[in-house]
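**Q** Fold the following and give me the result.
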Amino acid sequence: TLVQNRFLHSEIGGVPSYNWTLASNSLLGASPNAAQEGNPIVQFASLFNQLLQHFPRTEFAALVKKHAAERAAKGFTCWTQFVAMLFCQLARADSLREICNGLGCCLGRLVHVGILRAPCRSTLSYANEHRPAALFEDLFFTALGRFREQQGLGTRQHKFRFKNKLLSLDSTTISLCLSLFPWAKFRRAKGGVKAHVLLDHDDYLPAYVLLTEAKRSDVKLADSFRLNPGSIVAIDRGYIDYALFARWSMAGVFFVTRLKDNAAFEVVEECEIPQNRNIRADQFIRLTGAKAQADYPELLRRIVAWDAENKREIVLLTNLLEFGSTTISDIYKERWKIELFFKALKQNLTVKTFVGTSENALRIQIWTALIALLLLKWLHHLSKANWSLSNLASMLRLNLFTYRELTQWIDNPMGTPPLIPAAQQLTLALV
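**A** Prediction:
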């Protein structure tokens, strides 16, 4: 067709592609010749196309070259693979058949997203198995850095007076069928992988992600995360290792966690308790267990906070000796944000069923899920419709190929889309 020929000519000739031109028209408004021609045209690309504009083709091509992802490729590009896997996440497709058939139903609109035809199931499966997942990992962190530079992801919800970087460290397990994923053995009859996440509380998105087998211990992988001096890390009791805490303290890293019930310690000093707050005890302690004292001989702080919602006491342990007790209690309360991050990832994206059984295919699907979550978080921050992230994800799934301006759609998703003008057959008057 004429549109496909124009797209091929622009891709080969090195001039801006039709995909780029259509997106530019959507940002700049009507073309200068629109009024002269007198033909009503749709001024916006599809929502899916506008989302893909946040991944510049030149930047994507540089990453492909860096990882040699298209070495010995015969026509099926990494961009087509990325579009298909991002469609898998945003459209909640659960199989290769759903991905390929879903894209195939939109054949006339695929040229707008930079591909000519829907991929075959076998081709996409082979690419997911053999092309490096590190390409999509780099793509996620590159896009995340760009969004953060543009301050397009929002700010921290709970405002603290301190200027330290606040982080949360935790992991989530993704269960797998052992007969289909024998490389991911977890228990006797169960498989699984773990996503270890270091969450940045400035925008509630990962600063670092590590994917491992589910049998790997959380605390043994804590040293894999690079922490800058002055950072504050909120963790649960699964990461308690006093030798690890000693290394963090020497590096200038602070931690807030829960104290184990069987921990042996002696109280060195009782601190004043603030009035009308949820703090019941504030103490400086020293560990008395033989191994614990050898690993961490310095002073620690023990704070007992009352959880009014669950009617229980929470005993906190930290090396923050100068902060107020209520501030430390609020820091640990902020750790719940990483649980909400895992909930959003698993409920709104395709990370419970996988379209490939190899380790590489699974990694690609998880990284594209994180990319899709990044886009959803950005849309959720821009939206003025005051809807939840799950509602946004479901509405976007139903409107991926709707032709509307993206920022107008997220503010008024129920608005009427522009009508695509019908082709008119003109008559030529013969003399």
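
**Q** Tell me which residue is most central in this structure.
**A** Centroid-nearest residue in the chain: L370, 3.2 Å away (criterion: Cα atoms, centre = their mean).

**Q** That one - nearest residue in space that isn't next to it in sequence?
**A** Distance criterion Cβ to Cβ, 6 or more residues apart in numbering; nearest residue to L370, sequence neighbours excluded, is F140 at 5.2 Å. C-beta here means a position set from N, CA and C on the backbone, and glycine is covered the same way.

**Q** hang on, the one you found packs against L373?
**A** No: applying Cβ atoms under 8 Å as the test, F140 and L373 come out as separate, 9.4 Å apart.

**Q** Tell me which helix or strand the residue nearest to the centre of the chain sits in.
**A** Counting by DSSP states H and E, the element that carries L370 is helix 359-382.

**Q** tell me what that helix is packed against?
**A** helix 78-90, helix 121-130, helix 134-149, strand 205-213, helix 336-348, helix 389-398, helix 406-411 (3 or more Cβ pairs under 8 Å, 6 or more residues apart in numbering; DSSP states H and E).

**Q** mind putting these in a markdown table, distance to Q283, mean neighbour count and mean pLDDT included?
**A** A markdown table is the format used below for the helices and strands packed on helix 359-382 (distance: least, Cβ to Cβ, whole Å; neighbours: other Cβ atoms under 10 Å; pLDDT from 0 to 100):
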| stretch | distance to Q283 | mean neighbour count | mean pLDDT |
| --- | --- | --- | --- |
| helix 78-90 | 48 | 23 | 95 |
| helix 121-130 | 54 | 17 | 94 |
| helix 134-149 | 39 | 18 | 94 |
| strand 205-213 | 32 | 18 | 94 |
| helix 336-348 | 25 | 17 | 95 |
| helix 389-398 | 40 | 16 | 92 |
| helix 406-411 | 49 | 17 | 87 |
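
**Q** Next, format these as a markdown table and append distance to E70.
**A** Formatted as a markdown table, the helices and strands packed on helix 359-382 follow (distance: least, Cβ to Cβ, whole Å):
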| stretch | distance to E70 |
| --- | --- |
| helix 78-90 | 6 |
| helix 121-130 | 10 |
| helix 134-149 | 10 |
| strand 205-213 | 23 |
| helix 336-348 | 29 |
| helix 389-398 | 29 |
| helix 406-411 | 29 |
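
**Q** right, and the ones you listed - which one's nearest A281?
**A** With Cβ to Cβ as the measure, helix 336-348 is the member of the helices and strands packed on helix 359-382 nearest A281 (22.3 Å).

**Q** Now do the closest one against helix 389-398, angle only.
**A** Per axes from the mean of the first three to the mean of the last three Cα atoms, to 10 degrees, the angle that helix 336-348 makes with helix 389-398 is 30 degrees.

**Q** All further residue positions should be reported with the first residue as 40.
**A** Yep, numbering from 40; the last one is helix 375-387 now.

**Q** CA-only coordinates of helix 375-387 in PDB, if you can.
**A** Extracted as PDB, the C-alpha positions of helix 375-387 are listed here (Å, rounded to 0.1, in the frame of the first residue of the first chain):
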ATOM      1  CA  TRP A 375       4.900  -1.100  52.800                       C
ATOM      2  CA  LYS A 376       5.300   0.800  49.500                       C
ATOM      3  CA  ILE A 377       7.400  -2.100  48.100                       C
ATOM      4  CA  GLU A 378       4.600  -4.500  48.900                       C
ATOM      5  CA  LEU A 379       2.300  -2.300  46.900                       C
ATOM      6  CA  PHE A 380       4.800  -2.300  44.100                       C
ATOM      7  CA  PHE A 381       4.800  -6.100  43.900                       C
ATOM      8  CA  LYS A 382       1.000  -6.100  44.100                       C
ATOM      9  CA  ALA A 383       0.700  -3.600  41.100                       C
ATOM     10  CA  LEU A 384       3.200  -5.700  39.100                       C
ATOM     11  CA  LYS A 385       1.400  -9.000  39.700                       C
ATOM     12  CA  GLN A 386      -2.200  -7.800  39.400                       C
ATOM     13  CA  ASN A 387      -2.000  -5.600  36.400                       C
END
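
**Q** okay, the angle between that helix and helix 398-421?
**A** Interaxial angle, helix 375-387 versus helix 398-421 (the same axes, to 10 degrees): 110 degrees.

**Q** re the thing from before, how far away is the residue nearest to L409 from P171?
**A** Using Cβ to Cβ, to the nearest Å, F179 is found at 14 Å from P171.

**Q** Please settle this for me: is T366 part of a helix?
**A** Yes: counting by DSSP: H, G, I helix; E, B strand; the rest coil, T366 is found in a helix.

**Q** residues in contact with it?
**A** Going by Cβ atoms under 8 Å, 6 or more residues apart in numbering, T366 touches F199, R200, F201.

**Q** Is the last one in contact with L359, as I believe?
**A** Read that as F201. No: applying Cβ under 8 Å, one finds F201 not in contact with L359, separated by 9.4 Å.

**Q** list the residues that contact both of these two?
**A** The overlap between the contact sets of F201 and L359 (Cβ under 8 Å, 6+ apart) consists of I271.

**Q** Looking at those two, which is more packed in?
**A** Neighbours were counted for F201 and for L359 using other Cβ atoms under 10 Å; L359 has more, 20 against 15.

**Q** which element is the more buried one on?
**A** Per DSSP H and E, L359 falls between elements, in no helix or strand.

**Q** Mind checking what secondary structure I138 has?
**A** Under three-state DSSP, I138 falls in the helix class.

**Q** mind showing which ranges of this protein have poor pLDDT?
**A** Applying pLDDT under 70 to the chain flags residues 40-82, 146-147, 455-466, 470.

**Q** Would you agree T251 is in contact with V236?
**A** No: at 11.8 Å, T251 does not count as touching V236 under the criterion of Cβ under 8 Å.

**Q** Check what contacts stretch 371-378 and list those residues.
**A** Outside stretch 371-378, the residues within contact range by Cβ under 8 Å, 6+ apart are 197, 205, 207-209, 236, 238, 240, 243, 273-275, 295-297, 344, 353, 355.
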